[in-house]
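Peer 1: Predicted model, plus sequence, below.
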Amino acid sequence: MRRLWNFDLDINFNSKKAIYIQIADAIIEAIKDERLKANDILPSTRKLAEHIGVNRNTLIKSIDILIAEGWLNSKDRVGIFVANVNIKSTKKQTIPKRSTQSTPQHHIILDDGTPNTKISPIKELASAYRRVFALKSKHNIMGYSDPLGTLELRELISQMLNHKLNIQTSVDEICITRGSQMALYLTAHVLLTAGDVVLVENPGYKPAWRAFESTQAKLIPIDVDLDGIVIEDIEKQLANHDNIKAIYLTPHHQYPTTVTLSLKRRIRLIELANQYDLTIIEDDYDHDFHFGKRPILPISSHSNLKKYVYVSSFSKIIAPALRIGYMTSSFDLIDKVSSLREIIDVQNDTIMELSLSELIKTGELKRHIKRATKYYQDKRLYLDELLQTYLKSKVKYNIPIGGMAFWIRPIKDLHMPDLIHKLRESSNYEFEKLNVGFRLGYGSIEKEDLKTTIIKLDEIL
C-alpha cells in the first residue's frame with residue numbers, strides 16, 4: 001500500500017463541464033498514465049476536497065462514480081484504493097520542441113527571388129486598413145462575404161486585366177485566393193482526376209507540381225531552353241498520350257531559369273492547346289517587375305485561346321506575408337472553384353482585400369511598383385557587376401529582363417546537390433537531378449550581403 005504525499009488534479013473551474021465529472025476524468029487519466037498505480041491509497045475525502053478546493057459532497061459524488069465503474073475500491077475503515085485494472089500505460093510520446101536558439105549566422109545569404117519588404121508600402125497599407133475600419137458601414141464587413149472575394153477588389157483586378165494585360169474578363173470570372181498556391185490547388189482539383197496527365201516545365205516550380213499531384217494526376221516534364229519550354233517535346237508527348245489535360249508553365253520569367261517564352265512558341269502552343277483540348281495554366285508570378293520596354297502580354301491574353309487559367313499574386317509586389325492572389329478563367333471553371341473554395345476556406349480576409357483596394361484606387365500601389373522596379377533594376381545591375389568581377393570564369397548566366405533572381409549555371413561539371421548542401425540550401429527545381437544550376441535571388445538581399453555571398457561562392461566554386 002502506497003500513501004500519496006502529493007495529489008494534484010487539473011480542474012478548470014470556468015469550464016461548462018461539471019466539476020465532479022472533471023475530477024472523475026482526471027483520476028481516470030492519472031490511473032491510465034500510471035501516476036496512480038494499483039493499490040495506491042487516496043487521501044481522505046475531507047483532505048482531498050480541501051486540497052482540490054471543492055465541496056466534500058462534490059468529491060464524494062466523483063468517488064462514487066469511480067467505484068461504480070471499477071476504477072477505485074473502498075474498504076471500510078481503511079480508505080479508498082486504486083483498483084487493479086491492469087491498464088497499460090497510454091502516455092503520449094514526448095513531442096520534441098523546436099529549438100529556441102537563434103538561427104546561426106551563415107556566410108551566405110540566398111533566396112530564390114523574394115521582394116524586399118523594407119521598401120514595401122507597409123505604412124500606407126496600415127493606413128488603408130485603419131480607414132476601412134473607420135467606415136460608417138464597417139459592421140457590414142464583419143460578416144461572411146462572397147467566396148470569390150470582395151466585389152470591389154475583383155472589379156479593380158478585372159479592370160487591370162482588361163486594360164493592362166488585355167485579358168478580357170468580368171468580375172464573375174475572377175476568384176481572389178490566399179496567394180497563388182491556393183489558386184493552383186483549386187485549379188488542379190476542378191480540372192484533374194486520377195490518371196490525368198499534366199505537362200510541366202523542367203526545371204520548374206515544385207510547389208505547383210505538388211498541387212497537381214494531390215489529385216493523383218501524372219506529371220510529364222518538358223525541357224526548357226533559352227526560348228522557354230520546348231514545343232517539339234510537347235508535340236511528342238501529345239502524340240504518345242491521349243489523356244493530357246493541361247500544361248502548366250511560367251512563360252513571362254520562367255521559374256527558375258528566368259527565360260521568356262518566345263512569340264513563335266507561344267503561337268504554336270496555343271494552336272496545340274486548341275487542337276488537343278488542353279487547358280493552359282499560366283502562372284504569372286512577377287509580371288510587374290520587368291526591365292524591358294514593356295512586359296510581354298500573357299498567353300491568356302490571346303483571344304483565340306479556348307481554355308486557360310491565369311494565376312497571379314500581390315505577394316511579389318508588396319510582401320510574401322500579404323496572402324492575396326487571384327485567378328481568372330471561364331465562368332464555368334470559376335463557378336466550380338467557388339464551390340470548392342467554400343468547402344476548404346469559406347472566404348478571404350475581407351478587410352485586407354478592401355485595404356488593398358484602397359492602395360489601388362489612390363494610386364499608391366502603382367507608385368510603389370514604379371519605385372520598386374527602379375530599385376530592383378539597380379540591384380540587378382549591381383549583381384551583374386559582382387558576377388563579372390568574381391565569377392566570370394566559373395559560371396554562365398543571362399541577365400534577366402525582369403523579376404528578382406538570376407539563374408546561375410556553373411561552367412565546371414559539378415554535382416549540384418553537393419554544392420547546394422555547402423550553401424545550406426537545396427536544389428529543388430528539376431524533375432530529376434539534372435545538375436543544371438541554381439537560382440540566386442537579389443531582391444531582398446542588401447548589397448553588402450550580396451557581395452559577401454558572391455565572394456563566398458567564388459571560394460566554393
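Peer 2: On my side now, so go ahead.

Peer 1: Going by C-alpha atoms from here, please, whenever you check contacts or count neighbours.
Peer 2: Noted.

Peer 1: Residue for residue, what is the longest strand the protein has?
Peer 2: strand 218-225 (DSSP state E).

Peer 1: for that one, packing partners?
Peer 2: strand 197-202, helix 206-213, helix 231-240 (3 or more CA pairs under 8 Å, 6 or more residues apart in numbering; DSSP states H and E).

Peer 1: thought Asn73 was touching Val82?
Peer 2: Yes: at 6.2 Å, Asn73 and Val82 qualify as touching, with contact defined as CA atoms under 8 Å.

Peer 1: more crowded one of these two?
Peer 2: Val82 (23 against 19; other CA atoms under 10 Å).

Peer 1: Which strand residues bridge the more buried one?
Peer 2: Leu72 (DSSP bridges).

Peer 1: and the nearest residue to Leu333 once chain neighbours are set aside, what helix or strand is that in?
Peer 2: Of all residues not flanking Leu333 in the chain, Val190 sits nearest, at 7.3 Å (CA to CA, 6 or more residues apart in numbering). Of the helices and strands defined by DSSP states H and E, Val190 is found in helix 179-191.

Peer 1: what's next to that helix, contact-wise?
Peer 2: The contact list for helix 179-191, computed with CA atoms under 8 Å, 6 or more residues apart in numbering, reads 177, 207-208, 211-212, 215, 245, 285, 309, 311-315, 322-327, 333, 336-337, 340-341.

Peer 1: filter those residues to the buried ones?
Peer 2: 177, 208, 211-212, 215, 245, 285, 309, 311-315, 322-327, 333, 337, 340-341 (16 or more other CA atoms under 10 Å).

Peer 1: pretty sure Asp111 is in a helix, no?
Peer 2: No: Asp111: not assigned to a helix; according to DSSP: H, G, I helix; E, B strand; the rest coil it is coil.

Peer 1: For it, grab phi and psi.
Peer 2: According to degrees, to the nearest 10, the main-chain angles of Asp111 amount to phi -140, psi 180.

Peer 1: what residues are up against it?
Peer 2: Arg439, Leu440, Gly441, Tyr442.

Peer 1: any idea how far it is from Ala319?
Peer 2: According to CA to CA, to the nearest Å, Asp111 and Ala319 sit 14 Å apart.

Peer 1: What score does the residue located most distally from the centre of the chain have for pLDDT?
Peer 2: Distance to the chain centre peaks in the chain at Arg77, reaching 64.5 Å (criterion: CA atoms, centre = their mean). On pLDDT, Arg77 comes in at 77.

Peer 1: Please name the nearest non-neighbouring residue to Asp196.
Peer 2: Nearest non-adjacent residue to Asp196 (CA to CA, 6+ apart): Ala217, at 4.8 Å.

Peer 1: Contact partners for Asn73?
Peer 2: Going by CA under 8 Å, 6+ apart, the list of residues near Asn73 reads Ile67, Ile80, Phe81, Val82, Ala83.

Peer 1: if we go to 6 Å?
Peer 2: Counting by CA atoms under 6 Å, 6 or more residues apart in numbering, Asn73 makes contact with Ile67, Ile80, Phe81, Ala83.

Peer 1: any idea how far Glu173 is from the residue nearest the centre of the chain?
Peer 2: Geometric centre of the chain, nearest residue: Gln181, 5.9 Å, by CA atoms, centre = their mean. Gln181 sits at a distance of 18 Å from Glu173 (criterion: CA to CA).

Peer 1: Repeat that for Leu184.
Peer 2: Leu184 is 16 Å from Glu173, by CA to CA.

Peer 1: Neighbour count: these two, which is higher?
Peer 2: Just comparing Leu184 and Glu173: by other CA under 10 Å the higher neighbour count belongs to Leu184, 27 against 19.

Peer 1: Would you mind finding the longest helix in the protein?
Peer 2: helix 364-390 (DSSP state H).

Peer 1: buried residues in stretch 380-398?
Peer 2: For stretch 380-398, by 16+ other CA under 10 Å, it's Arg380, Tyr382, Leu383, Asp384, Leu386, Leu387, Tyr390, Leu391, Lys394, Val395, Tyr397.

Peer 1: ditto for stretch 66-77
Peer 2: Leu66, Ile67, Trp71, Leu72, Asn73.

Peer 1: Identify the residues contacting the second one.
Peer 2: If I follow you right, that is Ile67. Neighbouring residues of Ile67 by CA under 6 Å, 6+ apart: Asn73.

Peer 1: State whether it is indeed within a helix.
Peer 2: Yes: counting by three-state DSSP, Ile67 is part of a helix.

Peer 1: rewinding a little: tabulate the buried residues of stretch 66-77 (TSV), appending distance to Arg265 and pLDDT.
Peer 2: TSV is the format used below for the buried residues of stretch 66-77 (distance: CA to CA, whole Å; pLDDT from 0 to 100):
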residue	distance to Arg265	pLDDT
Leu66	76	89
Ile67	80	89
Trp71	76	89
Leu72	79	90
Asn73	83	89
